[in-house]
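[1] Model the following, please.
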Amino acid sequence: MPQLADVLAVLERHYPSSTAESWDAVGLVCGDPGAEVRRVLFAVDPVADVADEAIEWGADLVVTHHPLFLRPVHGFPATTPKGRLVHRLISNGIALFTAHTNADSAESGVNDALAAALGLRELRPLSPHLSEPHDKLIVFVPEPDAGGVLDALTAAGAGVIGNYERCAWMTTGTGTFRPGAGANPTIGSVGAVEEVAEYRLEMVVPRRLRSDVLTALKAAHPYEEPAYDLYDLAALPAATGLGRIGVLDQPETLRSFTERVAAALPATTSGVRAAGDPEAHVHTVAVCGGAGDSLLDAARRAGVDVYVTGDLRHHPASDSLAGGGPALVDVAHWAGEWPWLAHAADRLRDDLASGGTTVETRVSAIPTDPWTLHVPSRPSGASVLEGGTTPER
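    Model prediction:
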């Protein structure tokens, strides 16, 4: 049976907390990393109904998408709703973990799950992250010492490309120099021109490790004054980021696509609404689980036919349409994020099973969308003035 620390290690690997937005609050809210975990409940929201379900089912861990505490707090007394929830979980031996914007941007995260539910393929980020900044280090080393310098740079963190380490390009050449007055040359003598068989060694270096790598270089290099170059490398779009862009197998009308969305997502009181010509054909689709009007400009720049997200507001939506933006499909915030839960549960079970252990998982079907009542508008063509009612001005 895994410990909570083992479960959290899997979740952190798939949804690294370092990729969460700067304003976000993700990770372990409460729980003992040394506690055993048998059952894990996945839910969108950390609310009382979900806590009830976790207690009734006998969960040891609840994984939610939305944070319980998005802003810093000085305490969580049981006199507040959130404080009571934490106390109930702790008193029942249940841990709480949150994966929010780090799950939004991750591969096979919230947005990939939403895109898959809608039948999209050829996915790429709508607003991609940039790759971690790197440098290119070039250093010239006497041939007998090249291996030792390479090992020292590797130990300091240079030369990592994907799943490979100690990556380097080495080529031979001749270095020449003349030691000046006050020099203490390792090879040659003051005033004499020297020629040495050297390796040109090239490695990539994460910029955050620049100082450590240069310190290791100077400590391992045999020369009094090592010759090296350090270049900033361009940051490239990564495979992760907010939102996704994909394509449908066949174009269809906005009306038909909106029906597809409604059928693919869990039912909510507010349902699904669309803005745009109902008979316009759509093929390229952008999605963003949760509240996505901050990416309206990104969807317009991407040239997609329709953008699916939640919590669209009147003015941003109207301005986007007027500015040549795509058709819009607005879904309930909770519904757009719910498909991820099953994906996350499957990944956790599979990863633990590959290590020889397992947990039982459950996806909460409790609709935690806050809207509970929807009154349909009047039939098309009916006037607000019918019945003698005059709107106030």
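[2] okay, CA-based contacts and neighbour counts for the rest of this
    Will do.
[3] Quick one: mean pLDDT over the one helix or strand V7 maps to.
    Using DSSP states H and E, V7 falls within helix 4-14. Averaged across helix 4-14, the pLDDT comes to 97.
[4] For L85, which non-adjacent residue is spatially closest?
    Counting by CA to CA, 6 or more residues apart in numbering, A48 is the residue found nearest to L85 once chain neighbours are left out, at 6.4 Å.
[5] max-length helix in this structure?
    Determined from DSSP state H, the single longest helix within the chain is helix 339-354.
[6] So which elements touch it?
    helix 4-14, strand 39-43, helix 110-117, strand 360-363 (3 or more CA pairs under 8 Å, 6 or more residues apart in numbering; DSSP states H and E).
[7] which residues touch the nearest residue to T372 once chain neighbours are set aside?
    The shortest distance from T372 to any non-neighbouring residue, by CA to CA, 6+ apart, is to T269 (5.8 Å). Counting by CA atoms under 8 Å, 6 or more residues apart in numbering, T269 touches 371-374.
[8] part of a strand, is T269?
    No. Assessed with DSSP: H, G, I helix; E, B strand; the rest coil, T269 is coil; it does not lie in a strand.
[9] got the phi/psi numbers for it?
    phi -60, psi -40 (degrees, to the nearest 10).
[10] when you give positions from now on, start the count at 12
    Right, with 12 as the first residue, what we last looked at is T280.
[11] State the distance from it to V342.
    In this structure, T280 and V342 are 11 Å apart, going by CA to CA, to the nearest Å.
[12] follow-up on the earlier one: what's in contact with the longest helix of the chain?
    Contacts for helix 350-365 (CA under 8 Å, 6+ apart): 18, 21-22, 53-55, 119-122, 124-125, 128, 276, 369-374.
[13] Give me the buried subset of those residues.
    For the contacts of helix 350-365, a burial check counting by 16 or more other CA atoms under 10 Å picks out 18, 21-22, 53-55, 119-122, 124-125, 128, 276, 369-370, 372-374.
[14] hmm, back to that, tell me which strands and helices the helix holding V18 is in contact with?
    Short answer (3+ CA pairs under 8 Å, 6+ apart): helix 15-25 packs on helix 350-365.
[15] and the angle from the helix it packs on to helix 121-128?
    100 degrees (axes from the mean of the first three to the mean of the last three CA atoms, to 10 degrees).
[16] CA atoms only for helix 350-365, dumped as CSV, please.
    Extracted in CSV, the C-alpha atoms of helix 350-365 (Å, rounded to 0.1, in the frame of the first residue of the first chain):
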residue,chain,number,x,y,z
PRO,A,350,-13.4,15.4,-17.8
TRP,A,351,-9.9,15.7,-16.4
LEU,A,352,-10.7,13.9,-13.2
ALA,A,353,-11.0,10.5,-14.9
HIS,A,354,-7.7,11.1,-16.8
ALA,A,355,-5.9,12.0,-13.6
ALA,A,356,-7.3,9.0,-11.7
ASP,A,357,-6.2,6.6,-14.5
ARG,A,358,-2.7,8.0,-14.6
LEU,A,359,-2.3,7.7,-10.8
ARG,A,360,-3.5,4.1,-10.8
ASP,A,361,-1.3,3.1,-13.8
ASP,A,362,1.8,4.8,-12.4
LEU,A,363,1.5,3.2,-9.0
ALA,A,364,0.7,-0.2,-10.5
SER,A,365,3.9,0.0,-12.6
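[17] So what's the gap between that helix and the chain middle?
    Relative to its parent chain, helix 350-365 has a centroid offset of 16 Å by CA atoms, centre = their mean, to the nearest Å.
[18] Now it: average pLDDT?
    96.
[19] Give me the buried stretch members for it, please.
    350-356, 359-360, 363.
[20] now the angle from it to helix 15-25?
    Interaxial angle, helix 350-365 versus helix 15-25 (the same axes, to 10 degrees): 120 degrees.
[21] angle of helix 350-365 against strand 50-54?
    160 degrees.
[22] okay but A249 is in contact with L141, surely?
    Yes. Using CA atoms under 8 Å, A249 is in contact with L141, at 5.3 Å.
[23] before we move on, the earlier item: make a markdown table out of the contacts of T280 and add secondary structure and pLDDT.
    Formatted as a markdown table, the contacts of T280 follow (DSSP: H, G, I helix; E, B strand; the rest coil; pLDDT from 0 to 100):
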| residue | secondary structure | pLDDT |
| --- | --- | --- |
| W382 | coil | 93 |
| T383 | coil | 92 |
| L384 | coil | 93 |
| H385 | coil | 89 |
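[24] can you name the two of those residues that are farthest apart?
    Farthest-apart pair in the contacts of T280 is W382 and H385; separation 8.0 Å (CA to CA).
[25] any residues in contact with both of the two?
    Residues touching both W382 and H385 (CA under 8 Å, 6+ apart) are 280-281.
[26] Break this protein down into its domains, please.
    15-116+350-374, 121-140+251-342, 145-243 (automatic domain parsing).
[27] Make JSON lines from the ones you listed and add distance to R389 to it.
    Below are these laid out as JSON lines (distance: least, CA to CA, whole Å):
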{"stretch": "domain 15-116+350-374", "distance to R389": "33"}
{"stretch": "domain 121-140+251-342", "distance to R389": "16"}
{"stretch": "domain 145-243", "distance to R389": "58"}
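[28] and among these, the most buried is which?
    Comparing those on average neighbours per residue, with mean count of other CA atoms under 10 Å, the densest one is domain 121-140+251-342 at a mean of 20.
[29] tell me how far the ends of it are from each other?
    Domain 121-140+251-342: ends 14 Å apart by CA to CA.
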